[in-house]
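Participant: Sharing a sequence plus its predicted fold:
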Amino acid sequence: MVNLPDGSKRPIEPGWTAADLAKSIAEGLYRKAVGATINGELRDLFTPLNDGDTVCILKPEDKLSIELLRHSSAHVMAQAVQNLFPNAKIAIGPTIEDGFYYDFDIPDHKLTAEDLEKIEAEMKKIADSNQKLVRFYIPDVDKQIKEFKDQGEKYKAELLEEHRDHEPTLYLMQDKDGKTIWNDLCRGPHLPSTNHIKAFKLLKFSGSYWRGDEKKDHLQRIYATAFWSKKDLEDYLHRLEEAEKRDHRRLSKQLDLFSTHDEVGPGLVFWHPNLATVRAVIEDYWRDEHRKRGYDFVFTPHIASEELYKISGHLESYGENMYSAMDIDGMPYRAKPMNCPGHIMIYKTKLRSYRDLPLRFAELGTVYRYERSGVLHGMLRVRGFTQDDSHIFCTPEQMESEINGILDLIDSLMKTFGYTYKAYLATRPEKFIGSVEEWDQATEALKNAAKSRGLECEIDEGGGAFYAPKIDIKLYDAIGREWQGPTVQVDLNLPNRFDVNFIGDDNARHKVVMIHRAVLGSMERFVGGLIEHYAGAFPLWLAPIQAVILPIADRHYEHADKVAAALKEMGMRVKVDTRSETINYRIREAQLEQVPYMCVIGDKELAADGAALRHRREGDLGILNLNDIKVKFKEEIDSKESK
RNA sequence: GCCGACGUAGCUCAGGGGUAGAGCAACGGUUUCGUAAACCGUAGGUCGCGGGUUCAAAUCCCGCUGUCGGCUCCA
């Protein structure tokens, strides 16, 4: 007997596989079946069943089954590549979000775009020839390793050596007559046959390293994706295009947002007036929120004597990311890579009492870090950036409530910008400093603070920094993409290195607890992400130009100026477009610039002492008098809503 | 940093051994207009930088630089 997902039971005969079960339930189910979950685990359709198993036969429409399709497609791709390039050696080919890739070592050949087409065509041939994918337990691992080595498949040999104790399996790809055409070391599971592979596309190729280690062999990677239907594939490709349209670098050109310059150097961003306005508004909001929550603002210098970073340990542990020293009066100085030591300097100017704590120092602190040239990316990965950095100095007893306060601030800011998020608690890694007790205490505080406000935290075991357990928050934007978000870290290192203390109510010195946190991360990355999140259409409160006044003819200029003046009076950013262009033309320009509101002014509006409002998305909203317009704008700005 | 691709007018792009082309934008003029592109005209580029091959290089070769896609790393 086996259990089915609907709770019913069904008899099986000895030796039956999931496929046999499917057939006994319904011929139609058998025809559609591509795999199964057995006791919750994804398995091949031809996996033998045991009495008491809970079995779910997977059809293409089951969410889990796409994994089988993509993984099997990866093998078809590898086979295709080896057919076309007999010297190619295969490395690994996992599924990833939205697709899969395979790494190859192809001596004497660099993949080209044309190759991708050829490989795709070869894959189609393989898929259409309907090869069976058969699981095969390796009976003699040593023999198989030798065989791999003889074939030159050194990566497979290395992997097998590693997995020799895990019942390693090959997947044999067989033709109609049961003859094995190709095989690959793989844990599986897979589709029963390749004829399900109908809608796939090779997307791009790039370099990679064996095991991600740049000291090891250089490999060529092909990224691809597969779906059950052509339509799903097309929808996906369409989504990719949509995401491309949101690219902040592309929108920057359209909306005049930022630039970088050869003469200046890569990774150094110039904020143009439009984007600087957005940033300034965000910073004002940021300051307000911090002031409300009892933070003190500080400013610290952009360069400092190397001595500071010797004490902090950054020179030793972070030196590779720091710019080389400049000589000032014979002393080496460094550009600031982190704000923490500066904040500690301020803390340490006085003997602090427990009555002074918590102290919350906040700074929009600009730092410079060396990033390898290949990783720079628009505003999202740069060499000079401004962190919304803060360090909270508190007693161990205050730690939990401080973390709670931070999580509250994070929640409030992220909601304002319309992000949803997920939290991860990263615990003590293998290499760490400080004592286990300190780590446990800090980790507990993080955990409890999250728990007390109902924030679910996935545990990232061993994922902490060497000096701190932390809560990392991942953001999800308007189209569901993931962004690195806020972080809260309990620093177990710097208070020791700088000997940061307070006097307790017992009149003794105690080491202070230092919580490091960033909410927006860096202004560059955050605002760059916001551009994509809003697709360039900033909500009214953030928009560089909030409204354009469009007089129809010269005789309406005076009234247009009056409306503009009234809106400016209430602090709005407006402009009057009096260019000698048609009203259609000027509306089109304002639309393309993503201006939230257009105020069209002609004879009727003059008579009504108002304007005809047009919203960039909602279109013509009719004539409103000036006061109603002001009220409407004020409400929308104050609400910070996005529309 | 590594692998691959790319760099032509402000933008988007065409051309490709015989000394540069379109559309949009800009500028000048005409037009005074009712919710996404009025009309006419003008101007604009040592084809990323440096070197080489050649009678001749934007075009072929080499080096550098930047950008893009990844690897890796991270705010």
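Facilitator: Alright, I've got the coordinates.

Participant: Let me see the domain layout of chain A.
Facilitator: Segmentation of chain A into domains, based on automatic domain parsing, reads A:2-58, A:65-240, A:258-300+A:339-533, A:303-338, A:547-639.

Participant: What parts of the stretch 401-550 of chain A come near RNA strand B?
Facilitator: For the stretch 401-550 of chain A, the residues in contact with RNA strand B (Cβ under 7 Å from any atom of the strand) are A:484, A:487, A:518, A:521-522, A:524-525. The way it works is simple: take the backbone N, C-alpha and C, and place the C-beta from them, glycine included.

Participant: export these to JSON lines and tack on secondary structure?
Facilitator: Supplementary listing: those in JSON lines, determined by DSSP: H, G, I helix; E, B strand; the rest coil:
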{"residue": "A:Gln484", "secondary structure": "strand"}
{"residue": "A:Thr487", "secondary structure": "strand"}
{"residue": "A:Ala518", "secondary structure": "strand"}
{"residue": "A:Gly521", "secondary structure": "strand"}
{"residue": "A:Ser522", "secondary structure": "strand"}
{"residue": "A:Glu524", "secondary structure": "helix"}
{"residue": "A:Arg525", "secondary structure": "helix"}
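
Participant: Can you check these and name whichever has the most neighbours?
Facilitator: Counting by other Cβ atoms under 10 Å, A:Glu524 has the largest number of neighbours within these, with 25 neighbours.

Participant: before we move on, the earlier item: so which of the domains of chain A is nearest A:Asp247?
Facilitator: Evaluated with Cβ to Cβ, those place domain A:258-300+A:339-533 nearest to A:Asp247, the distance being 6.9 Å.

Participant: chain center to the closest one: distance?
Facilitator: Domain A:258-300+A:339-533 has its C-alpha centroid displaced from the chain centroid by 17 Å (Cα atoms, centre = their mean, to the nearest Å).

Participant: again with stretch A:185-195
Facilitator: Remark: stretch A:185-195 is offset 30 Å from the chain centroid, using Cα atoms, centre = their mean.

Participant: before we move on, what about stretch A:185-201?
Facilitator: Worked out by Cα atoms, centre = their mean, stretch A:185-201 lies 28 Å from the chain centre.

Participant: start to end distance for that stretch?
Facilitator: Here the two ends of stretch A:185-201 are set 23 Å apart, with distance taken as Cα to Cα, to the nearest Å.

Participant: same check, this time on stretch A:101-117
Facilitator: One end of stretch A:101-117 sits 16 Å from the other (Cα to Cα).

Participant: Pull out the buried residues from it.
Facilitator: Of the residues in stretch A:101-117, those buried by neighbour count under the rule 16 or more other Cβ atoms under 10 Å are A:101-106, A:111, A:115-116.

Participant: before we move on, back to that, need the domains of chain A in CSV (columns: mean pLDDT).
Facilitator: Compiled in CSV, these are given as follows (pLDDT from 0 to 100):
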stretch, mean pLDDT
domain A:2-58, 89
domain A:65-240, 90
domain A:258-300+A:339-533, 95
domain A:303-338, 94
domain A:547-639, 96
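
Participant: Ok, which of these comes nearest A:Pro539?
Facilitator: Within those, the stretch nearest A:Pro539 is domain A:547-639; the backing value is 7.5 Å (Cβ to Cβ).

Participant: The closest one spans what distance, first to last residue?
Facilitator: Counting by Cα to Cα, you get 17 Å between the two ends of domain A:547-639.

Participant: Pick out the residue of the stretch 251-400 of chain A closest to RNA strand B.
Facilitator: Evaluated by Cβ to the nearest atom of the strand, the stretch 251-400 of chain A has A:Gly374 as its residue closest to RNA strand B, separated by 2.0 Å.

Participant: For stretch A:310-328, list every residue counted as buried.
Facilitator: Neighbour-count burial for stretch A:310-328, counted by 16+ other Cβ under 10 Å, picks out A:312-315, A:321-322, A:325.

Participant: With stretch A:576-584 instead?
Facilitator: Neighbour-count burial for stretch A:576-584 [16+ other Cβ under 10 Å]: A:576-577, A:583.

Participant: Nearest to RNA strand B among the residues you listed?
Facilitator: A:Ile583 (4.0 Å).

Participant: give me phi/psi at the residue lying closest to the closest one once chain neighbours are set aside?
Facilitator: Here the nearest residue to A:Ile583 in space, its sequence neighbours aside, is A:Ile552; by Cβ to Cβ, 6 or more residues apart in numbering that works out to 5.6 Å. The main-chain torsion angles of A:Ile552 are listed as degrees, to the nearest 10 and equal phi -70, psi -50.
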